[in-house]
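# model the structure of this input:
(2 chains)
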Amino acid sequence: MTDATQNNADDNDLDTTIYDELPDAPPKKRLKLSWTGKIGVAVVAFWLVIVVIGPWISPFHEADIIGDDSFMGIWTSTEGEGVHILGTDYLERDIFSRIMWGARMTIGISVLATLLAYLIGVTAGIAAAVKRGWIDMVLSRVNDAILSLPTIMLGLLIVVALGSSIPILIGTAAIIYASSVFRIARAFGQEIMVMDYVESAQARGETIWWIIFREVLPNAAMPLATDFGLRLVFVVLFISSLSFLGLGIQPPAADWGSMVRQNLEGLQYGSLAPVWPALAIASFTIAINLIVDDISAKSGGDLARKMIS
Amino acid sequence: MAELFEIDNLQIQARKEDGTPIPIVKGVSFNVKAGQVVALIGESGSGKSTISLATMAYCRPGLEFPGGEVRLHGKDILTMEPQDQRSLRGNNVAYLAQSAAATFNPAITIGEQVTEAAVLHGTLTQEEADRRAIQLYHALELPDPDLLGRRYPHQVSGGQLQRLMAAMALVSGPDLLVLDEPTTALDVTTQIEVLKAFKKVIQEEGSAAIYVTHDLAVVAQVADHIVVLYSGEIQEQGPVDQIINNPQHPYTKRLMAAVKPSPKAGMGDVHDEEHDRVVPNIEVKNMTAGYGGIVNGKPVITVLRDINVKIKNSHVVGVIGESGCGKSTLARVMAGLLPAAKGEVYLDGNRLEPDLKNRSREELQKIQFVYQMADTALNPRQVIGDILGRPLEFYRGLKGQERREEVANLLRLVELPVEFETRYPSELSGGQKQRVNMARALAANPEVMLCDEVTSALDSIVSSNVIKLLKKLRAKTGVSFVFISHDLSTVGSFADEIVVLYAGRVVEQGPVDEVLAPPYHPYTRLLISSVPELRVGWLEDTMQKREMAVGIARGVEITDTGCPFYNRCPIAIEGTCNTETAPTREPSPEHFISCHRTMEEIEDIEKNPQQILHGFEVAAPGGDKAALAAKPV
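Numbers count the residues shown, from 1 in each chain, chains lettered A, B, ... in the order given. Down below sits the predicted model:
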C-alpha cells in the first residue's frame, strides 16, 4: 500500500493538463428546426396570416350565395362574378372564400379554447401535484366527474342551457378539455416534485410560487407542449361536431368542421367540396404536430449523451 | 493460430449534424485468450463501454463502425448478417450490465429470467437450463440454490441480484463474458461478495471475460491482462502484474494515484485548528427517526435509534456505514427534510424545529444539503448562473452585477471556468456537475454542509479531484462538514471525526485516528478489511480471514433488541449480544465503542486472530456452521 500512498504524494507533480476530465456529453445544440419543422412553421404561419387578413383578400363574402349551381367543380366561373377556385358548396357559396373566412373561426376558436383549457388544467394540475393533501383530493374527484361525462353530451347540455355564442363555445370546449390537461399536468407535476432539485428549493425555503413557476413548470413545459398539438386537434373536431348538430358556430358563418359535414353529400356527385376544408384542417393540425415533434426531439439531449458514453 | 477473441484496429464514430465524423474509439486492438480475463480500464467518456458493446457487434444508435474488425474464433462479427449477429449475442458473447436492479423484471421469477435467453436461442431445453441454472447458483454461492429460481427479484439482496445476473449470462455457456462495471454502484462489503463469486465462476466455467471498470484496485483482483484507455485510445496494455507493479504510461500512474489507500490512522491531513472563521457547532441529541408516520411515539419503520452526534466548530465528521444503515436519514433529519420522531437538533445551542417549514431563513441558510446525484439535484432547465445565483439572491440579497461577480467567484472557488455561467447542467461532465452542486451549497454562505455520498457516483480520478477540492474549500471557508460515505478510505482522508452507523445505531464514534486504529468495533474492522487494495491476490488473502466470511455472507438487518451487528459479528456472545443493548465503552477520551466485549477482549482478539473462529462458532446459528466448516481456513 505504500506504493499508492507514495503516488498520492507525487500526484501534484503529474501533468494534469494533458488528462482533463472527459466530458460526458457534447455541448448542447441550440434549437434548430429540421426541414419538417420548418414546413410546419411555414404552414402555421400561413394560416395565421389568413386568420388576420382572410376576409379582406377573399374573392367573395362567406355568406354570399353567388354560384350558378351547387357543387360546381374547381376553377369554374359564374357569369359576372368571377372564378370559383375550389368550386361551390351545397348552397352555391364559394368554397375558397369560405375556407379563408372559416380560418378565423376554426383556428381562432380552437386555439383560444385550447389555451384556456391549458390555463385551467395546468394551474389546477400543478396545484394538485404541489399541494397534495385535500386540495389534490378535491380537484382530482371533480376532474374525474367531468371526465366521466361524454364530451359531446356535456357540450350540448352547456350550449343548450346557456345559448350558442362564440364565448360560450370557447368556454365549453376549454372546460371539457381542461380535464384531460389536468390529468397530464398533475402526473408530470408529481414526477417532478420528487426530484432532488425541487427538494433543494424547498430546503432553501422558497415559496410555493417559485417552486411552481421556476422549478416545476419549465420542466413540464416540453411534454405539455407535445400534448398541446394533439389537444388542439380534438378541440377542432369537437367544435365541428357541435356545429354539425347546429349548436356550434351559427350559419352563415363558416368554419372548416361544419363545411366538411355540410358538404358530405357532395361526394355522391363527385364533388370535392368536403375535401378542401378537410385538407385545411389536416394541414393545420399536422403542421402543429411537426413543430411540436421537432422541438421535443431536439430538446432531449439524452440521445447525444447516450451516443458518447 | 487465431485467438479466441480479437479486436483489431477498432474504430467507432458519431456524426455531427453536418455529417463530419466525431471519432469515439480511435483504432483499438487487443486480444482475449480462452480462459483469460481482460480488464478495460478508463474513466467515463474513455470509450470503454462503447468498446464492450462492440464485442457483440452492437453500437448505440447514432454510432457507426467505419473500420476495424472484431473477430470471434477468427471470424469478423461486424460484417456478419444481422440474424447471425443476433444468434451470437447471449449465446457466444454474453453481456452483464452495470445495474442488476434495472436488468431484472420485477414481475417475473428469477429462474425464468435466468434461463430465458438459453431457451429462446434453442441452446438448451427448459429442464436443461433449469438444471444448469441451479448448478450456477451453487457455483456463485447463492443462498438456497435449489429454490432460488422461484423467487422474485425483490426477494433477494442487491449483491445477490448482481450475482444472479452472472448466472443469467453464463447459463448458455458463452465463449466470452462482458462485464460492464458490475461492482461500481455497490458497497465495499457487497463488492467483495460479488467479486469473489465472479472470480470463482469465471475460473470454474473457463470462459474468457472482458471486465470494464474505472477502479484499478478491483481490476487487480480479477484480471489477467489490463488495457488502459483514455479518450478512445489505448494508453498502455500488459499483464496485470506489470501494469500494477510497474506502470509505464503517465496516465496509468495517474489512475494509480486515484486509487484510495487503505484506511488507517494518520492517513488524513493534520487538522489545522486555525480557521478564518469559526462556525458554531451542530448537535443531535437522543434522536429517533424513520418513515411511515408515527405510532406510539415511534415511526412505523424506525431507521435511526437514539442517535447522539456532535459536530464541533469547523470540523469534518465522516458518517460511514453500508447502505440501509441510516446515513442519509441522519443528514436529512439535520437538514429538516425528515422531521425526527424523537430527540432534538441544536445549532449553536439553539434548538431547531424538526420540520424545515418551521425553521427561519437564517437557520436554513446555515445548514446546506449537498445531494449525491448532481444529475437530479440541478434543475436541467436553469443555467449554472441561475442555479448559483438564486441562493445568493435569496439569502444574501445580491442582485445584478453583484450577483454576477459572486457567481464568478463561486465558480472559481470550485475550480470551474467562469464561462460555465451560461451553460445548462447537461452540458457539463459528471464531476463538473458535482462541483456546481457544491458551489450552490456554498453560495448560501453556510456554517454546516451535509454532503450525502457526493463522490460515490463518480470515477476514481474525478472523485479524488472532488475530495481535493473539498479539502481546499474547508481550509478556505471554515465550514463544518458532515461527510457521508460508504467508503472508509475517502472518509479517513478527509474527516476529523468518524461516526460509524450500523442498522440505525452509532456503534463507534471518535477522532479519525482513534477509530482507524485498534481497538476496533467488529463492524469497523469489517469495513476496513473490505476496502480493496491495489495488490494482486488481495481478494484471496482477505477471504481467508474468518471474520470476512461471516460479515460478507450476511446483510444489514434492523433489530429491536440486542446488538444489531449480532448476526454478522465474528466475536458475538450468544445470549448476551442478541438480547441486551450493548454498553458504550470509552477506550480513550471522546472515542466511544458500543460492544459487549470489553476493550481488553477486543485488543486480545486483534493480537490472536484465531480466537475469532472460536467466537464465531459459539455465536453462529446451526446452518452456517456447516457451511463454514466446509471452507479451508
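# mind listing the helices for the stretch 501-633 of chain B?
Taking DSSP state H, counting those that start in this stretch, the helices of the stretch 501-633 of chain B run over residues B:512-515, B:522-530, B:538-544, B:546-553, B:599-607, B:610-619, B:622-629.
# least reliable of these going by mean pLDDT?
In terms of average pLDDT, helix B:622-629 trails the rest of the helices of the stretch 501-633 of chain B, at a mean of 39.
# excluding its backbone neighbours, what's nearest the residue in the stretch 201-309 of chain A that chain B sits nearest to?
Minimum separation of the stretch 201-309 of chain A from chain B (Cβ to the nearest Cβ) falls at A:Pro218, amounting to 3.8 Å. (C-beta placed from N, C-alpha, C; glycine too.) Of all residues not flanking A:Pro218 in the chain, B:Arg381 sits nearest, at 3.8 Å (Cβ to Cβ, 6 or more residues apart in numbering or on different chains).
# so that neighbour makes contact with A:Val216?
No: in this structure, B:Arg381 is not within contact of A:Val216 by Cβ atoms under 8 Å, at 10.0 Å.
# tell me which of these two has more neighbours.
A:Val216 (27 against 20; other Cβ atoms under 10 Å in any protein chain shown).
# SS state for that one?
With DSSP: H, G, I helix; E, B strand; the rest coil as the basis, A:Val216 sits in helix.
# can you pull the contacts of it?
A:126, A:129-130, A:189, A:192-193, A:198 (Cβ atoms under 8 Å, 6 or more residues apart in numbering or on different chains).
# taking these one by one, which sit in helices?
Counting by DSSP state H, those place A:126, A:129-130, A:189, A:192-193, A:198 in helices.
# for A:Gly67, state which of those residues is nearest.
Of all the ones in helices among the contacts of A:Val216, A:Gly67 sits closest to A:Ile126, with 51.7 Å by Cβ to Cβ.
# first-to-last residue distance for stretch B:115-132?
Chord length of stretch B:115-132, first to last residue, is 9 Å (Cα to Cα, to the nearest Å).
# which ones are touching B:Asp187?
By Cβ under 8 Å, 6+ apart, B:Asp187 lies in contact with B:322-323, B:486.
# for B:Pro247, which non-adjacent residue is spatially closest?
B:Pro247 sits nearest to B:Lys253 (Cβ to Cβ, 6+ apart), 5.3 Å away.
# same deal with B:Ala374?
Among residues not flanking B:Ala374 along the chain, B:Lys433 sits closest, at 3.6 Å (Cβ to Cβ, 6+ apart).
# likewise for A:Ile95?
Per Cβ to Cβ, 6+ apart, closest to A:Ile95 is A:Leu86, 4.2 Å.
# check which helix or strand covers the one you found.
Taking DSSP states H and E as the definition, one finds A:Leu86 inside no helix or strand.
# cool, B:Arg131 as well?
Using DSSP H and E, B:Arg131 falls in helix B:126-139.
# burial of B:Glu353, as a residue count?
14.
# wait, it sits on B:Ala340?
No: assessed by Cβ under 8 Å, B:Glu353 is found out of contact with B:Ala340, at 10.5 Å.
# let me see the backbone angles for the nearest residue to B:Lys342 once chain neighbours are set aside.
Spatial nearest neighbour of B:Lys342, excluding adjacent residues (Cβ to Cβ, 6+ apart): B:Thr288 at 4.1 Å. Main-chain dihedrals, B:Thr288, degrees, to the nearest 10: phi -120, psi 130.
# contacts made by stretch A:237-245 with the rest, please.
With Cβ under 8 Å, 6+ apart, stretch A:237-245 has contacts from A:106, A:109-110, A:113, A:151-152, A:155-156, A:159, A:169, A:173, A:176-177, A:248-249, A:255-258, A:260-262, A:281.
# list the buried residues for it?
A:238-243 (16 or more other Cβ atoms under 10 Å in any protein chain shown).
# so where's chain A uncertain?
Along chain A, segments meeting pLDDT under 70 span A:1-32, A:296-309.
# tell me which stretches of it form helices.
Under DSSP H, chain A gives helices at A:2-10, A:35-57, A:95-131, A:133-148, A:151-162, A:166-193, A:196-204, A:208-210, A:217-244, A:256-262, A:275-299, A:302-308.
# state which one residue of chain B is found closest to chain A.
B:Gly45 (3.0 Å).
# which phi and psi does that residue have?
Phi and psi for B:Gly45, reported as degrees, to the nearest 10, are phi 90, psi 0.
# what about it, how many neighbours?
B:Gly45 has 23 neighbouring residues, counting by other Cβ under 10 Å.
# do B:Ala457 as well
Neighbours around B:Ala457, by other Cβ under 10 Å: 16.
# residues in contact with it?
Counting by Cβ under 8 Å, 6+ apart, B:Ala457 makes contact with B:185, B:372-373, B:430.
# could you do A:Thr76 as well?
Contacts of A:Thr76 were listed using Cβ under 8 Å, 6+ apart, and they are A:83-84, A:87-88.
# what does the stretch 451-600 of chain B have sitting close to chain A?
Proximity of the stretch 451-600 of chain B to chain A, by Cβ under 8 Å from any Cβ of the partner chain, involves residues B:461-462, B:465, B:533-535.
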